[in-house]
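Asker: show me how the following folds:
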Amino acid sequence: MTSPAADNADNADNADRGAAAWHPATVAAAAVGLAVFAFLLAPTSGVRTAAPLASVPRVLAPLAPLAAFAAAAALAASGGRPALRRWLFWTAASWLPIAISLVLVHGLVFPEGRMILVRLGPLAVTAEGLAFAAATAARWLAASGAIALVGALCRPAAIVQALEASSLPGGLGHAAAGAVLLVPTARHAASDIRAAQRARGLVVDGSLVRRAASLAPLVVPLAVQLIVDGQDRAAAVAARGFAPGRPMRHAWPLPDSPSQRRLRRAILAAAVLGIVLRLVATWS
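Answerer: Purely as a prediction, here's the structure:
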């Protein structure tokens with residue numbers, strides 16, 4: 001096993017490798033583009049396919065999620081093994097519940113199913129339902145892998161800095177940055193409060209009734225601590241001269257380049273165009 005210092009050094013080295021060295025906005029744009037591409041060529045059931053998408057061979061439709069997932073995996077792997085491990089974890093954590101629900105719903109209840117594989121009373125597992133669930137799960141796998149790139153490749157501090165330096169109106173950038181910072185703070189505070197209450201004799205494990213009874217002693221101190229922490233952050237920001245609606249300036253700006261800015265614009269323009277074509281294909 002490696003020491004925490006070695007792990008931190010490894011993470012620091014990997015932070016500047018491959019896609020992990022991109023600006024967070026570039027990573028987010030790539031995630032949005034891949035997620036849109038995964039659903040772009042999905043078949044439109046029961047409607048006539050519009051001309052912009054009719055020329056695309058239907059055999060290519062299943063390949064779009066595969067290509068999007070492969071691109072997301074390549075971007076995650078370019079950030080090094082720690083980034084790839086984080087990407088695999090977040091992808092699996094977000095995709096597995098969706099996949100299980102799709103198989104349960106469409107596998108057992110699919111009105112267009114004709115080939116019955118297993119009958120379970122009033123329900124029936126059909127081949128068509130499983131095929132539809134598998135195709136939809138594949139698209140959600142690609143979308144989950146795309147969105148997980150943001151958490152795998154971007155450090156929370158970099159996301160916060162990008163949000164604070166953005167031109168969002170009315171201090172929304174700083175508010176969004178505070179929300180990002182609130183997640184790890186709440187997690188650590190909840191762990192500390194849980195350990196402290198357990199040391200005082202509070203039963204926080206066991207049956208559902210016991211857990212419900214211990215909820216208030218855990219939630220109230222957590223809420224108070226988060227409010228106090230928010231007040232401390234607000235005082236620190238005010239002391240630094242923060243003015244709502246004006247982007248914050250940092251001594252060490254995030255690495256960005258004209259090529260990355262052009263890439264972000266191109267990806268977002270292509271994503272918007274794809275959504276428009278998809279809507280035209282569905283509503284025509």
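Asker: what residues does stretch 190-198 touch?
Answerer: If you take CB atoms under 8 Å, 6 or more residues apart in numbering as the criterion, stretch 190-198 is touched by 204, 214, 217-218, 221-222, 225. Where you see a C-beta, it was placed from the backbone N, CA and C, and this is true even at glycine.
Asker: same thing but at 10 Å, please
Answerer: Applying CB atoms under 10 Å, 6 or more residues apart in numbering, the contact partners of stretch 190-198 are 202-205, 214, 217-222, 224-226.
Asker: so where's the stretch 101-250 of the chain shaky on pLDDT?
Answerer: Applying pLDDT under 70 to the stretch 101-250 of the chain flags residues 113, 167-181, 203-204, 206-208, 210-211, 213, 234, 236-250.
Asker: follow-up on the earlier one: buried only: go through the contacts of stretch 190-198 for me.
Answerer: Buried by 16 or more other CB atoms under 10 Å: 204, 214, 217-218, 221-222, 225, out of those.
Asker: helices - which of these land there?
Answerer: Using DSSP state H, 217-218, 221-222, 225 are the members of these that sit in helices.
Asker: which single one of the residues you listed is nearest to Leu149?
Answerer: Nearest to Leu149 among those: Leu222, at 30.2 Å, using CB to CB.
Asker: quick one: the closest one from Val160, how far?
Answerer: According to CB to CB, to the nearest Å, Leu222 and Val160 sit 21 Å apart.
Asker: same check on Trp87?
Answerer: The gap separating Trp87 from Val160 is 20 Å, by CB to CB.
Asker: the more surrounded of those two?
Answerer: Trp87 (23 against 20; other CB atoms under 10 Å).
Asker: contact partners for the more buried one?
Answerer: 72-73, 75-77, 79, 145, 148-153 are the contacts of Trp87 under CB under 10 Å, 6+ apart.
Asker: can you rerun that using 6 Å?
Answerer: By CB atoms under 6 Å, 6 or more residues apart in numbering, the contact set of Trp87 is 76, 148, 152.
Asker: in which helix or strand does the first one reside?
Answerer: Read that as Ala76. Element membership for Ala76, per DSSP states H and E: helix 63-78.
Asker: tell me how far the helix or strand following that helix is from the chain's mean position?
Answerer: Toward the C-terminus, helix 63-78 is succeeded by helix 81-108 as the next helix or strand (DSSP H and E). Distance of helix 81-108 from its chain centroid, counting by CA atoms, centre = their mean, to the nearest Å, is 11 Å.
Asker: same thing with stretch 261-273?
Answerer: Here stretch 261-273 is found 19 Å from its chain centre; the criterion is CA atoms, centre = their mean.
Asker: over to stretch 138-151?
Answerer: Stretch 138-151 sits 7 Å away from the centroid of its parent chain (CA atoms, centre = their mean).
Asker: same question for stretch 78-98.
Answerer: On the basis of CA atoms, centre = their mean, stretch 78-98 sits 10 Å off its chain's mean C-alpha point.
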